[in-house]
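**Student:** need the 3D shape of this:
(chains A and B)
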There are 2 protein chains.
Amino acid sequence: MKSPVAAFGGAKVLVAGGLGFIGSTLAIRLIELGAEVTVVDSLDPDYGGNFANIAGYETRLGVVVADLRDRERLPELVQGCHYVFNMAAQTGHVDSMRRPVNDLEINAAAPLMLLEAVRADCPEAVVVYGSTRQIYGRPDYLPVDERHPLRPVDVNGVSKQAGEGFHTLYHQVYGLKTAILRLTNTYGPRMRIRDARQTFVGIWLRRVLEGDRFEVWGGTQQRDLAYVDDVVEAALLAAATPAAHGGVFNIGGSPPLSLLDLAQATIAANGGAGGFDLKEFPAERKSIDIGDYWADDGLFRRTVGWAPQVDLATGLRHSVEYYRANLARYL
Amino acid sequence: MKSPVAAFGGAKVLVAGGLGFIGSTLAIRLIELGAEVTVVDSLDPDYGGNFANIAGYETRLGVVVADLRDRERLPELVQGCHYVFNMAAQTGHVDSMRRPVNDLEINAAAPLMLLEAVRADCPEAVVVYGSTRQIYGRPDYLPVDERHPLRPVDVNGVSKQAGEGFHTLYHQVYGLKTAILRLTNTYGPRMRIRDARQTFVGIWLRRVLEGDRFEVWGGTQQRDLAYVDDVVEAALLAAATPAAHGGVFNIGGSPPLSLLDLAQATIAANGGAGGFDLKEFPAERKSIDIGDYWADDGLFRRTVGWAPQVDLATGLRHSVEYYRANLARYL
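**Tutor:** Numbering: from 1, shown residues only, chains lettered A, B, ... in the order given. You can find the predicted model right below:
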């Protein structure tokens, strides 16, 4: 794999959502690569922001606690940046139905405001936007490539589609160097495990580590899972590769497996300790579930030379180890 | 054509954007059909709201001056409604680039808030949403049917696509009776003619009636034009026809003609008096222009039995007559 290392040494970088799961992992990697990193995060208790995520790095990056919707803060944040990674999002599907306007604000209005700030104050910066496979809705075919129709099945999908639309538009009309990554289920150290808001894998890990049984809803759905370090590498490569700018890319992960198999792999990662109960889908979730999904990410692999490096068993084991050592800070 | 008259006698109806061009024409038609009509309009001076639009009807409908973004007002407005027509929009393409967040708020957040209010307070109501052909972007083929990819070329298109997405979603998830109409350029009495914010035809008519020359940009683009009474009939039929609920429909109009031919037809409608200058597209507009467009509206015709009744020459003549009699109230 091509290394994006050189691009980031000494670069000024903003990571939005940078105290969250993917954002903080990305920020730490950038620090290690020699970048000058500022993270901005709302620390909304419903989302992924957590100071524990930057433990040990607190003095090596700038932290701004602010909501991106507070647009007067943005010009100062983007000033002089070479790279802007927008990993700030409301990711809960049920939450998006319960508070739809909030979802639209966070997932479409705030990214638009950030693009406006970049356009005005650092138009040469590269902007990488963390999007989601949720915008495809229920797949017509598998694996899903980027030509698949977009038919979101929840407010989150509609909002993120608009968020993407603004990035594509600002590339086409203003020449901003944007790259959109449609992420599949991402897991690993630093994800929210308090509940299922960020991914169901989080709450499974919590239960397993606390010695409780977890619930698997449905169970037969097939999904691919991306380990966070692979997603971070994808974001870095998208930023550092001019051929990726203006593009929209699926980012996949492991070969697809059923949720039942994933549940067993989670228990195996905990040394075989743990158990689960199979449940019917709650009605509120069933109406917005997308069923089977796995990504065709060939376009991204060909464009930037990326491939996932961490297999599922290894990624789950790293995750278990991380939360075993840090559980109290994630509850 | 099937008549939707019966459905509206005695019905309680809310028209959002009801002091604007299409909204007011619709409100007046509904009053004539015996409906109990309330209009809500922000009267933002940049948009189409104008008290002149309901001249002679002021005592026959309720008027609430409010911005739909003021969501606390909405429950009271929708309470008990049988029909909600949402014709409130920011329609300016250049405006949407200059004030993008404003466009998103008006065209996506406000419709979402209105849907939330309907879901909570009058879930049996039919909601007709006035959308736009702008969301297709530059057509791959002509005429454009509803299967054409959506690739908006301006913020307005992205926002309206999200506005549509929420209507489709609320139909699928909550069973709301929604209908989405993708309107082409609409013209006729009560449109904004002060400037080109609502449609270029408006400013052309103003110039012709004031004895000034108008500007035609480009000139070769082919467009179809829909007369407002035909669009109003389409909205009524969409509301009154259960088979249309949950649907997305193009609404077309005249056979396509070039802007040059349209300019000549405009002058002809003024008894041959008037002239125009052909200009290059201003750069700011060229970057977001969609080029040729005309609609395939066969799906809507088949679903509800609609067909446009007013040809272009007649529609333009009615328009000239209206503004000749009412010019001062539209400047």
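**Student:** A:A268: neighbouring residues, count only.
**Tutor:** The tally of other residues near A:A268 (other CB atoms under 10 Å in any protein chain shown) stands at 15. Heads up, the C-betas are built off the backbone N, CA and C, glycines and all.
**Student:** which positions within the strand or helix carrying A:V216 qualify as buried?
**Tutor:** Assigning secondary structure by DSSP states H and E places A:V216 in strand A:214-217. For strand A:214-217, burial by neighbour count (16 or more other CB atoms under 10 Å in any protein chain shown) applies to A:214, A:216-217.
**Student:** near chain B at all, stretch A:97-108?
**Tutor:** Yes. Using CB under 8 Å from any CB of the partner chain, stretch A:97-108 comes into contact with chain B via A:97, A:100-101, A:104-105, A:108.
**Student:** what does the average pLDDT come to for the strand holding A:V216?
**Tutor:** Taken as a whole, strand A:214-217 has an average pLDDT of 95.
**Student:** list the contacts of the closest residue to A:A88 other than its chain neighbours.
**Tutor:** The spatially closest residue to A:A88, leaving aside those adjacent along the chain, is A:G17, at 3.2 Å (CB to CB, 6 or more residues apart in numbering or on different chains). A:G17 makes contact with A:23, A:39-41, A:48-49, A:86-89, A:130, according to CB atoms under 8 Å, 6 or more residues apart in numbering or on different chains.
**Student:** how about low-confidence regions in chain A?
**Tutor:** A:1-5 (pLDDT under 70).
**Student:** that one against chain B: which residues are in contact?
**Tutor:** Contact residues (CB under 8 Å from any CB) of chain A with chain B: A:71, A:97, A:100-101, A:104-105, A:108-109, A:112-113, A:116, A:150, A:152-155, A:157-159, A:161-162, A:165-166, A:169, A:172-173, A:287-288.
**Student:** okay, and which of the residues you listed map to helices?
**Tutor:** Here DSSP state H is the test, and the residues of chain A next to chain B give A:97, A:100-101, A:104, A:112-113, A:116, A:155, A:157-159, A:161-162, A:165-166, A:169, A:172-173 as lying in helices.
**Student:** how near is the residue nearest to A:A88 to chain B?
**Tutor:** Distance, A:G17 to chain B, by CB to the nearest CB, to the nearest Å: 19 Å.
**Student:** A:T178 now?
**Tutor:** A:T178 is 13 Å from chain B, by CB to the nearest CB.
**Student:** the closest residue to A:S287 other than its chain neighbours: how many residues sit nearby?
**Tutor:** Leaving aside its sequence neighbours, A:S287 sits nearest to B:V173 (CB to CB, 6+ apart; 5.2 Å). B:V173 sits with 16 neighbouring residues when counted by other CB under 10 Å.
**Student:** same deal with A:E58?
**Tutor:** 9.
**Student:** could you check how far it is from A:G274?
**Tutor:** As judged by CB to CB, to the nearest Å, A:E58 and A:G274 stand 33 Å apart.
**Student:** and if you look at A:P100?
**Tutor:** On the measure of CB to CB, A:P100 and A:G274 end up 35 Å apart.
**Student:** what do you get for A:A244?
**Tutor:** Distance, A:A244 to A:G274, using CB to CB: 40 Å.
**Student:** name the helices or strands packed onto whichever strand or helix holds A:R324?
**Tutor:** Using DSSP H and E, A:R324 maps to helix A:312-326. Under the contact definition 3 or more CB pairs under 8 Å, 6 or more residues apart in numbering or on different chains; DSSP states H and E, helix A:312-326 sits against strand A:185-187, helix A:200-209, strand A:225-227, helix A:259-269.
**Student:** using PDB, list the CA coordinates for the last one.
**Tutor:** What it means is helix A:259-269. Extracted in PDB, the C-alpha atoms of helix A:259-269 (Å, rounded to 0.1, in the frame of the first residue of the first chain):
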ATOM      1  CA  LEU A 259     -24.900 -11.100  12.800                       C
ATOM      2  CA  LEU A 260     -25.100 -14.500  14.500                       C
ATOM      3  CA  ASP A 261     -21.600 -15.300  13.200                       C
ATOM      4  CA  LEU A 262     -20.400 -11.800  14.400                       C
ATOM      5  CA  ALA A 263     -21.900 -12.500  17.800                       C
ATOM      6  CA  GLN A 264     -19.900 -15.700  18.000                       C
ATOM      7  CA  ALA A 265     -16.800 -14.000  16.900                       C
ATOM      8  CA  THR A 266     -17.300 -11.300  19.600                       C
ATOM      9  CA  ILE A 267     -17.500 -14.000  22.200                       C
ATOM     10  CA  ALA A 268     -14.500 -15.800  20.800                       C
ATOM     11  CA  ALA A 269     -12.500 -12.500  21.000                       C
END
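**Student:** run through who's touching it.
**Tutor:** Outside helix A:259-269, the residues that reach it (CB under 8 Å, 6+ apart) are A:200-201, A:204-205, A:208, A:214, A:216-221, A:223, A:225, A:257, A:273-276, A:278, A:312-313, A:316-317, A:319-320.
**Student:** how about a cut-off of 7 Å?
**Tutor:** Outside helix A:259-269, the residues within contact range by CB atoms under 7 Å, 6 or more residues apart in numbering or on different chains are A:204-205, A:208, A:216, A:218-221, A:223, A:273-274, A:276, A:312-313, A:316-317, A:320.
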